[in-house]
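>>> Predicted model, plus sequence, below.
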Amino acid sequence: MTEAPPRRNVFEGLGLDRAAHRRRDQDWLTARLADPATRFLPVWRERNLIRPGEKPAPAWLTADSASGLIVEQAAIVFLGVDGECAHFALSLSHLDEDAARGFIDAHGELAELRAIGALLDAPDAALLAYGRAITTWHHRHRFCGSCGQPTVSDEGGHMRRCSDPSCATVHFPRTDPAVIMAIEHDDRLLLGREHTWPPGMHS
C-alpha cells in the first residue's frame, strides 16, 4: 500500500523571525514605525487587505501610506522581522466599514482569508493568518475580563494591560489547539458548508 502524499497546510509557512526580544524595546519599535522599509498589514474585522488578481497577495503599506491609520489609533502589533525589514499589523476593527474603506480602498480590497488562503504563497498565507489572529484578539479584549475597565496594548501588541492601576491585570493572546479530520469512504470525501458561504467554498 503506497502512502498518500502529505497534504500542504498553506498557513504553516511563516518564515518571519518574531524577534520577541524587541517587543519591550520601545525606542526600537518607534524607530521601525517611521522606517521607510517597514511594512504594515491592515486587518479589518477578520478580513485582510490584499491585492486582488489570479494570484492574490498581501497589500502591504509603507510607513508613509500607513501614517493616517496610525493617527486613527489603529491597534499596532509588531509581527517580526524579515532580515532588517520590520512587519506590523494594523487593526482597523474599531472603525465602521465606510471609515476603514476610506483609508484602504486605494491600496487593495478586504478579503476573507478562508476564501483566498489556498491561492496565496505559503509565507504570505501564514503571515496573513498571524496578523488576523492577533488583531482579532485585540479587538475582542478591549476591556479587562477581571474588572471591566479598558485595556491598553503593551509589549509590541503581544499583551494587554488593564488601565485601572488597582487592577492592572495583564492579558495575553490565546492559544487554541485544534485538529482537522478528513472523513473518507470508498474514495469519497465528506465535505460540509454553511449556507452563508460563497459558491464553491466547503469545509
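Received it, and whenever you're ready, just let me know what you need. Residues are numbered from 1 along each chain as shown.

>>> how close does Asn48 get to Ala99?
Taking CB to CB, to the nearest Å as the measure, Asn48 falls 18 Å from Ala99. Every C-beta, even on glycine, is put in place using the N, C-alpha and C of the backbone.

>>> Of these two, give the one with the bigger neighbour count.
Between Asn48 and Ala99, counted using other CB atoms under 10 Å, the more crowded position is Asn48 (28 against 12).

>>> So that one sits against Leu113, correct?
Yes - Asn48 is within contact range of Leu113, at 5.8 Å (criterion: CB atoms under 8 Å).

>>> what packs against the least confident helix or strand in the chain by mean pLDDT?
Sorting the helices and strands of the chain by mean pLDDT, DSSP states H and E puts helix 63-71 at the bottom, at a mean of 78. On a contact count with 3 or more CB pairs under 8 Å, 6 or more residues apart in numbering; DSSP states H and E, helix 63-71 meets helix 26-34, strand 39-44, strand 85-91, helix 97-104.

>>> which of the residues in it are buried?
63, 65-66, 69 (16 or more other CB atoms under 10 Å).

>>> what do you get for stretch 96-104?
Buried residues in stretch 96-104, counting neighbours by 16+ other CB under 10 Å, are found at 100, 103-104.

>>> neighbouring contacts of that stretch?
Residues outside stretch 96-104 that contact it (CB atoms under 8 Å, 6 or more residues apart in numbering) are 42, 44, 49, 59, 68-69, 72, 92, 95, 110.

>>> At which residues are the strands of the chain located?
39-44, 47-51, 57-58, 75-82, 85-91, 109-112, 151-154, 159-162, 170-171, 184-185, 188-189 (DSSP state E).

>>> and the ones you listed as CSV, adding distance to Arg22 and mean pLDDT?
Output for these, formatted as CSV (distance: least, CB to CB, whole Å; pLDDT from 0 to 100):
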stretch, distance to Arg22, mean pLDDT
strand 39-44, 15, 92
strand 47-51, 23, 91
strand 57-58, 21, 92
strand 75-82, 7, 93
strand 85-91, 8, 93
strand 109-112, 29, 90
strand 151-154, 14, 93
strand 159-162, 14, 96
strand 170-171, 19, 96
strand 184-185, 45, 91
strand 188-189, 44, 92
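
>>> Do me a favour and average the pLDDT over stretch 131-138.
What stretch 131-138 shows for mean pLDDT is 92.

>>> From Ala168, how far off is the spatially most central residue of the chain?
In the chain, the residue lying closest to the centroid (CA atoms, centre = their mean) is Gly131, at 1.6 Å. Counting by CB to CB, the gap between Gly131 and Ala168 amounts to 28 Å.

>>> filter the contacts of stretch 96-104 to the buried ones?
By 16+ other CB under 10 Å, those give 42, 44, 49, 59, 69, 92, 95, 110 as buried.

>>> OK, contacts around the fifth one?
Shown in contact with Leu69 (CB under 8 Å, 6+ apart): 40, 42, 61, 90, 92, 103-104.

>>> Out of these, flag the one nearest to His202.
Distance to His202 across the contacts of Leu69 (CB to CB) is lowest for Pro42, with 28.1 Å.

>>> Identify the residues contacting the closest one.
48-49, 59, 61, 66, 69, 74, 89-90, 92, 103-104, 107.
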